[in-house]
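Engineer: With the sequence up front, the predicted model follows.
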Amino acid sequence: MPQLARRVRVAGAIVILLGWATARADWSTIVNADGWSAFARFWTSATRPDLSSDFVRLTWDATLQTLAVAVLGTVVALLLGLAGAVLSSGRTVGSSTLQHIIASVGAVPRATHEILVALLLVQVFGFDPLVAVLAIGIPFGAVSAKVFADAIDDADRATFDALRSMGASRSRAAVYGIGPLVRAEFTAYGFYRLECAIRSAAVLGIVGVGGLGFQVDLSFESLRYREIWTLILALVLLSGAADALSSAVRRSRRPFPLRWTLALGAVAVTWSAWQAGVSTSLLWSERTRRQIVDFGRELVPPRLGPGGWRELADATLDTIALAFLALAIAVVLGLVGAMAARRTPPMMRSGSRWFAAARRTIAKLALLLGRAVPAPIWAFLFVLILFPGLWPGAAALGIYNAGVLGRLFAEAIETQPDDVERNVGLTGATSASRWAYGVIPQALPRLVSLSLYRGEVIVRETIVIGVVGAGGLGQLLREHLAARDFQAVSGAIIVFVVLAIAADRLGARLRPASTLSPRDRRAATPSPSEPSRPRDRPVRATAADRRTDQRDRDRRRTSVVNSPHEG
Amino acid sequence: MSDSSADAAARTATNPEIEPGTESAAVGEAIRLRSVSVRFSIGGDRPLIDALVDVDLTVATSERVALLGESGAGKSTLLDVVAGLTPPTSGAVEVLGAPLDALRGRAMRRHRAAVGVVRQAQGVPGAMRVVHNVNGGRLGSWSTWRAITSLVRPRRMDDVERTLASVGLAGMSDRTTAELSGGQQQRVAVARALVEPRRLLLADEPVSAVDPRLSDDVLASLCGAETRPALVISLHDPDLARRHVDRIIGLRDGRVLFDRPAGDVSDPDLDELYRVVPD
């Protein structure tokens, strides 16, 4: 019975929130009929991308630029992440004060979005590729630091303890005892970050730092839809290649030799720096130093914009409504997409095989298109057919994230054991009831968990949507930036960061409740009756500790792949 | 105790040039436990477990001692307490003349570098080459720089080769550890403990996955280390213990059941040790 009451409460909360968000977004005037012809023209140009040699060459250059920026951004992120992890893991530092300081400092860049960092850095460095590199590197680095630190803390402790007991310092014991255990995971994560960085680099182009996004923006302004499709095609190919590379790395059994990794990394960095034309001298120049100081002075103290509290409160509520609507759209479309894209287990196949294959291919392509086209571009499109307000932004974020969630959902469903479904199927159930009884109940905790993670990302991504003018705090931020009212900018940023951190906290609170049984949670809390442990000395893990470790690791593994910053 | 005196204690403990007997009586002893107890919580509302109860134990320099007892008798806990991996709930632990709870930081690491440890969970990462796993035993005396560069270009290969040969793994140093069998990986862990000159070796069932003939070889190399370290080893095979050690300690339910020279341990002693308690 309490189970049922809980479900009713959850469903009630969702309905109320949806109702509120819809009301806020104003349901009455939504479709703008005038924009249909342009919208239709955009889609009909899909079959005829601009393949003239000039434009293909331009696309090629922009693609290389985006790739180079993404590679450099990833390298910066991973170096920051490693350093941050080593400084914030209990295993490597031991002192809990330093560990806590680093962990709380990291929460702020983790709660930002690449676009936000870029908007601020542009004020200091001007339009330089360096801005895009740092804009990717800083927030991704903060996320990586957390993921890496968790992995270090969760790694099996046998080697670490044995080395420590023979006199190794924490750092040396970590290099020999934990390094080899986490190396494969870190490498896979690095490639996964590269995949995200490519998408991010494309989006960053829209704030004017070059690459594919920049070209898309230009073509959009001059309404040359065929060019846009060429660029989208390039982006799909590039992220597809990164995707393939990263899953190949994930699947490989043998670790790549260390010296080859270092050599390849050096080559990639050199090429990217040359290709992107990053001027590192900019980092240390006297002018930059002055600019940073001046800009820093202009940012403090934070204060309200001309609209006062009301404007800020409105923008905040808009952001929440926007995020919620987008999440709802993404979950529904993602689930439909995942169901259609899923490979049916052999026994359960019925009907024409050809039809099933076509259905799967179309669904997969649709999901791929959804996530390959950056959210701001979806927003440009929806601005054509929907009246300005929250709907274009919600639709854009919803479709983009449906592409991401659909793939994660499909993976979650395909990797779960199918014996329940088979048993349901043996009773002669229809395909719909097979889903309802055999697939969804088993997958539900993971689907909920993935959706909540996605919700956290969406809250951050509202800033992108806002920057192109689709409402919420992002739009407010853009207006303040345009007015060069930097104190109001920092006020809005603080609200945004607090909102993002609150979303993370809320997600973390809801998640264990839906993915762990109460017994698991009890076992995960330390027992007060344990012998007191002097700090700074390794302690033998009890059997229960070890089991909890394992469970945490399993959970974390999911979270590594679906961590909040995928985008 | 202040840091400086802890430091002094550690120096005495790890400096092999100081003649036994010239400093204090403790130098003649590798290990001294005084009424050591350890209790664990295994989490939740389950009762506490008494892993060790009031254990008094002294092991002399260069003495070789075997721990016998059924699973759960406290052998691993005892070894972990001596290795400093489990702090005792009550009681005092002195190892190589230094009280363990007084050691901190660098002094503790220097102390520990003189102790070779083979644990039951061997902890030899499969993704590493054998040579690096063996060199892991030297990290107490290496600088961090040396430790990291050795991963790119391994140092002291000849020492590693010699140590590996002594546990029957000649020519294996370049292999990836995961390619080795379970028994071979166990011997990599033994080689890691033996690669440096030690004054105390602690080994927790180091031959549980090794065949009988090789077990004798591995035990011989543990007992025959050049620096004549004291050795405390937990074993499941009483005959193996009697062949290799000076003294056997029987543990049951966390208590010392008997403690006598290896030659004096009788079959009734062992029956008592492994007796099934009638319910």
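Structural biologist: Great, that's in hand. Numbering: from 1, shown residues only, chains lettered A, B, ... in the order given.
Engineer: low pLDDT regions in the chain?
Structural biologist: Looking at chain A here, since you left the chain open. By pLDDT under 70, the weakly predicted segments of chain A are A:1-3, A:27-31, A:95, A:253-256, A:345-351, A:511-567.
Engineer: that's the wrong chain, I meant chain B
Structural biologist: Applying pLDDT under 70 to chain B flags the ranges B:1-27, B:43-46, B:276-279.
Engineer: where exactly do the helices run in it?
Structural biologist: Listed in chain order, the helices of chain B (DSSP state H) span B:3-14, B:75-83, B:105-112, B:130-135, B:144-152, B:157-166, B:182-194, B:212-223, B:238-244, B:267-273.
Engineer: So the fourth one, near chain A or not?
Structural biologist: Yes: for helix B:130-135 and chain A, the contact criterion (C-beta under 8 Å from any C-beta of the partner chain) is met by B:His132, B:Asn133, B:Asn135. From N, CA and C alone the C-beta is placed, and that goes for glycine too.
Engineer: what's the burial count for A:Gly398?
Structural biologist: Close neighbours of A:Gly398, defined as other C-beta atoms under 10 Å in any protein chain shown, add up to 27.
Engineer: likewise B:Asp101?
Structural biologist: 16.
Engineer: same check, this time on A:Val373
Structural biologist: Per other C-beta under 10 Å, the neighbour tally for A:Val373 reads 23.
Engineer: and the residue of the stretch 51-200 of chain B found nearest chain A, how many residues sit next to it?
Structural biologist: Relative to chain A, the nearest point of the stretch 51-200 of chain B is B:Gly140 (2.3 Å; C-beta to the nearest C-beta). Residues lying near B:Gly140 (other C-beta under 10 Å) number 24.
Engineer: Need phi/psi at the residue nearest to it when sequence neighbours are not counted.
Structural biologist: Counting by C-beta to C-beta, 6 or more residues apart in numbering or on different chains, B:Gly140 lies nearest to A:Gly167, which is 2.3 Å off, once chain neighbours are set aside. Main-chain dihedrals, A:Gly167, degrees, to the nearest 10: phi 100, psi 0.
Engineer: And for the one 5 residues further on?
Structural biologist: Main-chain torsions, A:Arg172, degrees, to the nearest 10: phi -70, psi -40.
Engineer: From chain A, how far out is the residue nearest the centre of chain B?
Structural biologist: Closest to where the C-alpha atoms of chain B average out (C-alpha atoms, centre = their mean) is B:Leu202, at 1.0 Å. Using C-beta to the nearest C-beta, to the nearest Å, B:Leu202 is found at 8 Å from chain A.
Engineer: ok, for B:Arg228, nearest residue in space, not its chain neighbours?
Structural biologist: Residue nearest to B:Arg228 in three dimensions, not counting chain neighbours: B:Ser62, with 4.5 Å by C-beta to C-beta, 6+ apart.
Engineer: Likewise for B:Gly126?
Structural biologist: Nearest residue to B:Gly126 in three dimensions, chain neighbours excluded: B:Ala178, at 3.1 Å (C-beta to C-beta, 6+ apart).
Engineer: same question, A:Ala145
Structural biologist: Spatially, and ignoring its direct neighbours in sequence, A:Ala145 is nearest to A:Gly84 (2.9 Å; C-beta to C-beta, 6+ apart).
Engineer: And what about that neighbour, helix, strand or coil?
Structural biologist: Using DSSP: H, G, I helix; E, B strand; the rest coil, the structure places A:Gly84 in helix.
Engineer: Near it, how many residues? Count them for me, please.
Structural biologist: Neighbour tally, A:Gly84, other C-beta under 10 Å: 23.
Engineer: And for the one 5 residues further on?
Structural biologist: A count of neighbours around A:Ser89, defined by other C-beta under 10 Å, yields 25.
Engineer: ok, now which ones touch residue 118?
Structural biologist: Because you didn't say which chain, this covers chain A. A:Val131, A:Ala132, A:Ala135, A:Leu204, A:Val207, A:Val209 (C-beta atoms under 8 Å, 6 or more residues apart in numbering or on different chains).
Engineer: please go with chain B instead
Structural biologist: Per C-beta under 8 Å, 6+ apart, neighbours of B:Val118: A:Ala162, B:Ala189, B:Val190, B:Arg192, B:Ala193, B:Leu201, B:Leu202, B:Ala203, B:Asp204, B:Pro206.
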